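> fold the following and give me the result.
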Amino acid sequence: MTWQKHLPFKMCFIVWRALRDKIPTDARISQMNIANPSRCICCKNPDTENVNHLFNAGDYAFQLWKHIGGPFGINVEQSFYRQILINWWKIKAPNPVINILVKCIPIATSWEIWRTRCAAKYGNEPINFNNSVCLISFSVLQVIKNQFNNFQGNHSWNKVIYLNSCNINFKKTFTVSWLKPPVNFVKLNSDGSCKEGRCGGGGVIRNHQGHLVHAYTVKAGAGTNNLAEALALLHGIRWCIAVEHK
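Residues are numbered from 1 along each chain as shown. I've put the predicted structure just below:
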């Protein structure tokens, strides 16, 4: 679930690193015997900055997860960062749109927490809660737009909430066409079925122009669907061999 091909690699990579405690938080740097006072810049009352605090328990992260997860029924109270991700990914999506939302939102949110932390710590950029929500919304809805050409509307958080609450009837259609065989060849199409113990099948044979060469039916007697299909296919092959068709 960590790797979502529709999102930028950097977002998925930061989640992968965070889950393995491989990002340079203050606590991680201190483990390398580098003098570094640990003060989470995202909190009003700074605490030790480790992965779980930065991505979950800290003031900014907790409020962001609470706001983002509320409409989806995600409880962030007394949870660890890993558990929050699992709660998102365990949601049973009723359609492909919500499936993308519940897989991409936690990754986009994690990235935004890390981006905000670094921008505030090293770029003196003020922490802006509303701006973070907008950036998360934009990232996720851009994925929806790329996947579904008929997506319309702005990239606001209200649009995300709307997509989660509305009843989307999604039907995927496929075009199936019959392909003509090569010149001097024929194509055999057969099928069989069984109902109440009585089985039968049939088939049609066409030439390279699509013209009907032969059609047949087969009574298979008692049996199964698989037996009826096999006998129908076998009858067609035998006929082709008998009349020397390729």
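
> got the phi and psi for M32?
phi -90, psi 20 (degrees, to the nearest 10).

> so what's the residue count around it?
Counted by other C-beta atoms under 10 Å, the residues lying close to M32 total 8. For glycine as for every other residue, the C-beta is placed from the backbone atoms N, C-alpha and C.

> for R117, see how far away it is.
Noted for M32: a distance of 19 Å to R117, by C-beta to C-beta, to the nearest Å.

> likewise G153?
In terms of C-beta to C-beta, G153 sits 30 Å off from R117.

> so which of those two has more stuff around it?
A direct count of neighbours by other C-beta under 10 Å for G153 and R117 places R117 higher, at 22 against 12.

> ok, the more buried one touching V51?
No - contact criterion C-beta atoms under 8 Å: R117 and V51 do not qualify, at 11.5 Å.

> partners of the helix or strand hosting Y216 in the sheet?
Using DSSP states H and E, Y216 maps to strand 212-222. Note on strand 212-222: by DSSP bridges, its sheet partners are strand 198-206 (antiparallel).

> got the buried residues for the strand it pairs with?
For strand 198-206, the neighbour count (16 or more other C-beta atoms under 10 Å) marks C199, G200, G201, G202, G203, I205, R206 as buried.

> what's the nearest residue to the fifth one if we skip its chain neighbours?
Distance criterion C-beta to C-beta, 6 or more residues apart in numbering; nearest residue to G203, sequence neighbours excluded, is S190 at 3.3 Å.

> count of residues packed around that neighbour?
S190: 21 surrounding residues under other C-beta under 10 Å.

> let me see the domain layout of the chain.
The chain is divided into the following domains under automatic domain parsing: 9-165, 187-242.

> picking that back up, I would like the residues contacting the strand holding Y216, please.
With contacts defined as C-beta atoms under 8 Å, 6 or more residues apart in numbering, strand 212-222 is touched by 186, 192, 194, 197-207, 227-228, 231-232, 235-236, 239, 245.
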